[in-house]
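> Give me a model of this one.
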Amino acid sequence: MADYWSSVIMPMLEGAQMTLLLFFIAIIVSVPIGFLLTLAINSKVKPLSWLATIYVTIMRGTPLLLQLLIICFGLPMIPGIGEYLTIDRFAAACLGFILNYAAYFAEIFRGGLLSIDKGQYEAAKVLGLSKSQTTRKIILPQMFRVALPSVANESITLIKDTALLYAVAVPELLHFAETAVNRDFSIVPYFIAGAIYLIMTIILTVFFKWLERRFQYE
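Model prediction:
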């Protein structure tokens with residue numbers, strides 16, 4: 001058992017650290033970018049709104065795996081400038097996840113904004129609140145409350161999508177599981193990997209349930 005722990009489970013736990021690192025980087029950066037994209041889409045500056053809409057459409061309409069392959073392997077092949085676009089695989093993967101998930105979060109936040117009754121803007125105006133005060137104190141709290149369940153679902157999807165790192169040769173959880181399977185000719189590492197993913201998603205689910213309850217009582 002000790003040998004199995006050191007040769008199979010420990011490397012997989014190390015891979016899980018890479019999985020979690022990518023998750024936290026992607027979620028911390030893509031959420032604010034997604035919110036800025038929402039503001040850009042709703043902007044009265046039409047070129048800005050169009051560009052943001054086109055960006056979100058492209059990123060949501062093409063597979064994340066394809067985007068990762070382009071960033072990791074495609075950009076360095078561009079004649080003339082390819083050598084300047086070659087970056088570390090993990091950094092490239094982080095960039096791909098951030099760009100992709102920012103588009104999804106943008107749509108989630110946009111849906112949250114659309115769910116707010118227009119009458120609340122008028123009521124805030126009657127109360128003498130400025131546009132910035134209305135946005136900060138009334139609109140944004142409600143938007144985040146409405147969007148939170150969708151953000152939770154997207155975050156859980158993100159932690160599972162980190163398995164795509166395997167396709168761009170970044171050593172994460174699934175990589176070490178596959179290595180153990182090929183070495184030992186056993187499917188047990190797959191089940192161990194599945195259990196680790198399940199534990200991570202359960203922890204994330206519990207956290208977001210707690211967050212939703214906090215928002216309900218505020």
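
> Now do the contacts for I192.
By CB atoms under 8 Å, 6 or more residues apart in numbering, the contact list for I192 reads 8-9, 12, 177. Using the backbone N, CA and C atoms, a C-beta is placed for each residue, glycine as well.

> Distance check, the closest residue to A193 other than its chain neighbours against C94.
Nearest residue to A193 in three dimensions, chain neighbours excluded: A177, at 3.8 Å (CB to CB, 6 or more residues apart in numbering). According to CB to CB, to the nearest Å, A177 stands 21 Å off from C94.

> Between these two, which has more neighbouring residues?
A177 (26 against 21; other CB atoms under 10 Å).

> and that one, what pLDDT?
A177 carries a pLDDT score of 89 in this model.

> same question, Q120
pLDDT for Q120: 70.

> In space, what's closest to it - neighbours in sequence excluded?
That would be I138: by CB to CB, 6+ apart, it lies 6.0 Å from Q120.

> re the thing from before, which residues does the residue nearest to A193 contact?
Here A177 is in contact with 12, 15, 189-190, 192-193 (CB under 8 Å, 6+ apart).

> so it is in which element?
Following DSSP states H and E, one finds A177 within helix 173-184.

> In the longest helix that the chain contains, which residues are buried?
In the chain, assigned by DSSP state H, the helix with the most residues is helix 10-41. Of all the residues in helix 10-41, those buried under the rule 16 or more other CB atoms under 10 Å are 11-12, 15-16, 18-19, 22-23, 25-27, 29-31, 33-35, 37-41.

> Name the nearest residue to I58, sequence neighbours excluded.
A103 (8.0 Å).

> Would you agree the one you found is in contact with A52?
No - using CB atoms under 8 Å, A103 is not in contact with A52; the gap is 9.4 Å.

> show me where pLDDT drops low in the protein?
The model of the chain has pLDDT under 70 over residues 1-5, 121, 126, 217-218.

> Swap in 50 and give it another go.
Applying pLDDT under 50 to the chain flags no residue at all.

> Show the contacting residues for the spatially most central residue of it.
Central residue of the chain (CA atoms, centre = their mean): Y101, 4.3 Å from the mean position. Contacts for Y101 (CB under 8 Å, 6+ apart) come out as 26-27, 30, 34, 154, 158.

> ok, now with 6 Å
Residues in contact with Y101 (CB atoms under 6 Å, 6 or more residues apart in numbering) are 26, 30, 158.

> just the residues you listed now: which is nearest L165?
A26 (11.1 Å; CB to CB).
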